[in-house]
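In: give the three-dimensional model of this entry:
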Amino acid sequence: MTHRLTADEARRIAVRAQLLDADRPGDVVEVAEQLGYIKIDPTATIAPAEHTLLWSRIGWSYEPGQLSKAVEQDRLLFEFDGAFRPMSLLPLMLPGMRRWPQRESSRQWLEANAAFRDDVLARLRDGGPLFAREIPDTAVARRGTDGWSGPNQVPHMLDFLSRQGKVAIVGRAGRHRRWDLAERVYPQNLPDYAFDDAERMREERRLQAVGIAKEKSPWTPVGAAGEPATIEGSARKYRVDPEALAALNDDRGGRVAFLNPYDSLLFDRPRLRELFAFDYVLEQFKPRPQRRYGFFAHPILMGDRFVGMLDAEVDRTREELRLGAIHEFVPFDPEETEMVRAELAELGEWLGMSVTGLD
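Out: Okay, here's the model as predicted:
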């Protein structure tokens, strides 16, 4: 059976799956379990991505220390490939890690640097946890700089070994990662799945996180997870999470949310365009004259629609959240204006700063 959904229903499913409806989640782990990952990015016009993403879900009760505790003390989350992920996903990722790398150039680099690899593992075994800067670069084959990393090969090797499940990030000091052997970071006696079974379960988790996704989407690969669906006005085929579909009648209402530009709701641009009629472009890397909304403007979600962009920046010297502009796609009515202002006040309170530029 193919489910036939209205555009409103599809949007409500997507918003609720991303924990952006009126019923806020209770803690960091609940958010990570549902979303599958919490993106890490240091750009902090307001706050780093991992913290604004969590604040936009949990609200005023979220404190950054809750995230570090879940990762470094409770071991309920782990850092991998630029995101914090729930530990429940690790058994589904390990079969793919054992097959990594698939790319021939990566295999050749690892083979040429076998002694370097063994040296890194030995140093972590004897002296870990360690920062990358505490490990000598003894590489024979070298990867070129890519604009994000320098000539030091140690970060490359640590990244490769983490993708193979041999080393893991145990914690951070600011933006610097501390590494150790994976066997001392990850839980032992995890379930052992065959590759195909693990991939199928990962597809189910991806669909759970988004609620509804296009079939064969490279942005949100969900395979045959869920059930087939169509959306009015679209000829495309979708997959919908049965649990999200069953909860459609439980209308919890909507709210205002300011989304970090790296928020997971924004990731699948084609779906964003089709479901929300929102053609989002991050202007961070555009020259100033070509920016319409601002360097790192945050999309404003109101209920199940994107209504504008928030251009704001923290002034840490004056301890102010300085409002550059609220760009309204369609002029707000008085109630909508009040809702956005109330959310700004909540944001300022969470940051411990006054909000300036409202008038």
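
In: which helix is the longest one in this protein?
Out: helix 334-351 (DSSP state H).

In: in it, what's buried?
Out: Residues 336, 339-340, 343-344, 346-348, 350-351 are the ones in helix 334-351 that count as buried (16 or more other C-beta atoms under 10 Å). Just so you know, the C-beta spots here come from the backbone N, C-alpha and C atoms, and that holds for glycine as well.

In: hey, where'd the helices end up in the stretch 1-150 of the chain?
Out: Using DSSP state H, counting those that start in this stretch, the helices of the stretch 1-150 of the chain run over residues 7-17, 28-35, 49-58, 64-68, 90-99, 104-112, 114-127.

In: using JSON lines, lay out those together with mean neighbour count, distance to Leu266 and mean pLDDT.
Out: Compiled in JSON lines, the helices of the stretch 1-150 of the chain are given as follows (neighbours: other C-beta atoms under 10 Å; distance: least, C-beta to C-beta, whole Å; pLDDT from 0 to 100):
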{"stretch": "helix 7-17", "mean neighbour count": "21", "distance to Leu266": "11", "mean pLDDT": "96"}
{"stretch": "helix 28-35", "mean neighbour count": "22", "distance to Leu266": "12", "mean pLDDT": "98"}
{"stretch": "helix 49-58", "mean neighbour count": "24", "distance to Leu266": "11", "mean pLDDT": "97"}
{"stretch": "helix 64-68", "mean neighbour count": "15", "distance to Leu266": "20", "mean pLDDT": "95"}
{"stretch": "helix 90-99", "mean neighbour count": "16", "distance to Leu266": "23", "mean pLDDT": "97"}
{"stretch": "helix 104-112", "mean neighbour count": "13", "distance to Leu266": "29", "mean pLDDT": "95"}
{"stretch": "helix 114-127", "mean neighbour count": "15", "distance to Leu266": "36", "mean pLDDT": "97"}
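
In: could I get these as TSV with distance to Arg291?
Out: What follows is these, written out as TSV (distance: least, C-beta to C-beta, whole Å):
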stretch	distance to Arg291
helix 7-17	27
helix 28-35	29
helix 49-58	19
helix 64-68	29
helix 90-99	37
helix 104-112	36
helix 114-127	42
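
In: out of those helices, nearest to Ala173?
Out: helix 64-68 (10.7 Å; C-beta to C-beta).

In: can you spell out which helices and strands pack onto the closest one?
Out: For helix 64-68, the packing partners by 3 or more C-beta pairs under 8 Å, 6 or more residues apart in numbering; DSSP states H and E come out as helix 49-58.
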